[in-house]
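> this is a predicted model, with the sequence first.
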Amino acid sequence: MTIQNELQTTINAMVQKGKGILAADESSPTIAKRFKAIDVESTEENRRYYRSLILSTPNLGDFISGVILFEETLTQQNDDGIMLPELCTQQGIVPGIKVDAGKLALPNAPGDEITEGLDGLALRLEKYKKQGARFAKWRCVYHISDTTPSQVAIEANAEVLARYAAICQSQGIVPIVEPEVLIDGNHSLSDCVEVSEAVFHEVFHALHRHNVVLEHIVLKPNMMVPGKESAHKATPEEVAIQTIKVLRRTVPAAVPSINFLSGGLTPEKATAYLNAMNQMSQQPWELTFSYGRALQEPALKAWQGNSANSHNTQAALFKRAELNGAARYGKYSEKMEHE
Ligand code: 5MM
């Protein structure tokens, strides 16, 4: 199979009607934070147990087409000795891998960050592919404040996202390109619109410069929302209108799918906002989800580190996946939360 055919096969499996992606790629500090909230210690065994539990949720593949894993998960097995990437494949879910190495302060740009991890990436991808991964993910973050993000941060992060995407495609791995304008702060909805437009515009410039095939990427952006500390609370319709406006201005129609991150929104809001977008007129790309917290929060709360709660954990994850599956068609309603 040629690399182009391989990439297209993976895209076809990742982008399916009524489905989205589960982000389960929390790095060690992040999963420790999530476990701490439910009073569970972040040991390798607890991480293995929890992740094999959620990945074996019956019929998860009805609403989830891909799952982003953390490196450690690629080498772990469930209690029956099945490798976790293989468990995903058995569910009809494509396994992917987070490949960025996290973020650091960007020198000479106070308050801005840059994501690292390009060194040796091609070789790492070769290994991940042998372990079952078919797509990758790289996240860059942008803070909104009076002085950030600076132009240098916007350009530097776009450049690394594009270099990452080009390396992935050269290895037959589909890149998920994740520019996240953070929700932290008291900025307005229009601040988020202004910054996101500049960020996405620069990302696609860089992807073009690096000859990345847009048909073979997935974009994972933030939605347009006011800052968490802002007094203004946007309605789902406002979020949808502003998000679609920015995406139409910046994302070429060749991109097959836009899978939003949830970025600290409540599970209900993340679903309602996606639903509102899919109730608008037809767009050139699929509009779906790649949520981490908004899919897993209820499951983690149900689990509490206790195997007696396994059924409820899987049921909580399945319910959110199903509701987001409905939002893919614009057919979600608040009353479905209580059914
Ligand atoms: C699941 O969290 C992912 C890894 O984050 P860290 O590197 O900070 O541990 C993260 O990239 C995630 O995929 C996205 O932020 C989307 O997740 P949310 O929770 O925002 O939907």
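Happy to help now that I have it. Residues are numbered from 1 along each chain as shown.
> show me where the stretch 1-150 of the chain has helices.
For the stretch 1-150 of the chain, applying DSSP state H, counting those that start in this stretch gives helices covering 3-14, 28-36, 44-55, 71-74, 84-90, 121-130.
> let me know the secondary structure of the spatially most central residue of the chain.
Note on the chain: the residue nearest the mean C-alpha position is Ser290, at 3.9 Å, using Cα atoms, centre = their mean. Under DSSP: H, G, I helix; E, B strand; the rest coil, Ser290 falls in the strand class.
> ok, now how distant is it from Ala105?
Plainly put, Ser290 is 26 Å away from Ala105 if you go by Cβ to Cβ, to the nearest Å. Every residue, glycine included, has its C-beta placed from N, CA and C.
> what of Ser307?
Taken as Cβ to Cβ, the span from Ser307 to Ala105 is 41 Å.
> of the helices of the stretch 1-150 of the chain, flag the one that's most buried.
Each of the helices of the stretch 1-150 of the chain was scored by mean neighbour count; the highest is helix 84-90, a mean of 20, by mean count of other Cβ atoms under 10 Å.
> report the contact partners of Ser150.
Residues near Ser150 by Cβ atoms under 8 Å, 6 or more residues apart in numbering: Ala109, Asp112.
> go on, the one 3 residues further on?
Ala153 is in contact with Leu106, Ala109, Asp112, Glu113, Ile114, Tyr142, counting by Cβ under 8 Å, 6+ apart.
> let's see 6 Å
By Cβ atoms under 6 Å, 6 or more residues apart in numbering, the contact list for Ala153 reads Leu106, Ala109, Asp112.
> ok, and the closest non-adjacent residue to the last one?
Distances taken as Cβ to Cβ, 6 or more residues apart in numbering place Ala153 nearest to Asp112, at 3.6 Å, with adjacent residues excluded.
> quick check, Pro179 in a strand?
Yes - under three-state DSSP, Pro179 sits within a strand.
> and it, how far from the ligand?
As for Pro179, its distance to the ligand is 11 Å (criterion: Cβ to the nearest ligand atom, to the nearest Å).
> make sure Gly61 is actually in contact with Ile93.
Yes - at 5.1 Å, Gly61 and Ile93 qualify as touching, with contact defined as Cβ atoms under 6 Å.
> next one, pLDDT for Asn278 please.
pLDDT for Asn278: 98.
> wasn't it part of a helix?
Yes - with three-state DSSP as the criterion, Asn278 is located in a helix.
> quick check: it touching Ala326?
No - counting by Cβ under 6 Å, Asn278 stays clear of Ala326, with 9.4 Å between them.
> could I get the contacting residues of the residue of the stretch 101-250 of the chain found nearest the ligand?
Nearest residue of the stretch 101-250 of the chain to the ligand, counting by Cβ to the nearest ligand atom: Arg139, 4.2 Å away. Taking Cβ under 6 Å, 6+ apart, we find Arg139 in contact with Asp100, Glu178, Glu180.
> can you name every helix or strand that the helix or strand that contains Glu297 contacts?
Applying DSSP states H and E as the criterion places Glu297 in helix 293-303. If contacts are counted by 3 or more Cβ pairs under 6 Å, 6 or more residues apart in numbering; DSSP states H and E, helix 293-303 sits against helix 267-279, helix 310-328.
> tell me which of these sits most buried.
helix 267-279 (a mean of 23).
> OK, contacts around the residue nearest to Leu87 when sequence neighbours are not counted?
Nearest residue to Leu87, sequence neighbours excluded (Cβ to Cβ, 6+ apart): Leu55, at 5.2 Å. Leu55 makes contact with Leu84, Leu87, Cys88, according to Cβ under 6 Å, 6+ apart.
> next: Phe70.
With Cβ under 6 Å, 6+ apart, Phe70 has these contacts: Asp25, Lys98.
> what does this protein put close to the ligand?
23, 25-27, 30, 68, 98, 102, 139, 180, 261-263, 291-294 (Cβ under 6 Å from any ligand atom).
> of those, select the buried ones using a PyMOL command.
Burial among those is assessed by 16 or more other Cβ atoms under 10 Å; the matching PyMOL selection reads:
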select buried, resi 23+25+26+68+98+139+180+261+262+263+291+292+293+294
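> can I assume Trp138 is in contact with Asp100?
Yes - the criterion here is Cβ under 6 Å, and Trp138 meets it with Asp100 at 4.3 Å.
> mind putting the contacts of Leu55 in TSV, pLDDT and distance to Leu274 included?
Below are those laid out as TSV (pLDDT from 0 to 100; distance: Cβ to Cβ, whole Å):
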residue	pLDDT	distance to Leu274
Leu84	98	27
Leu87	98	27
Cys88	98	23
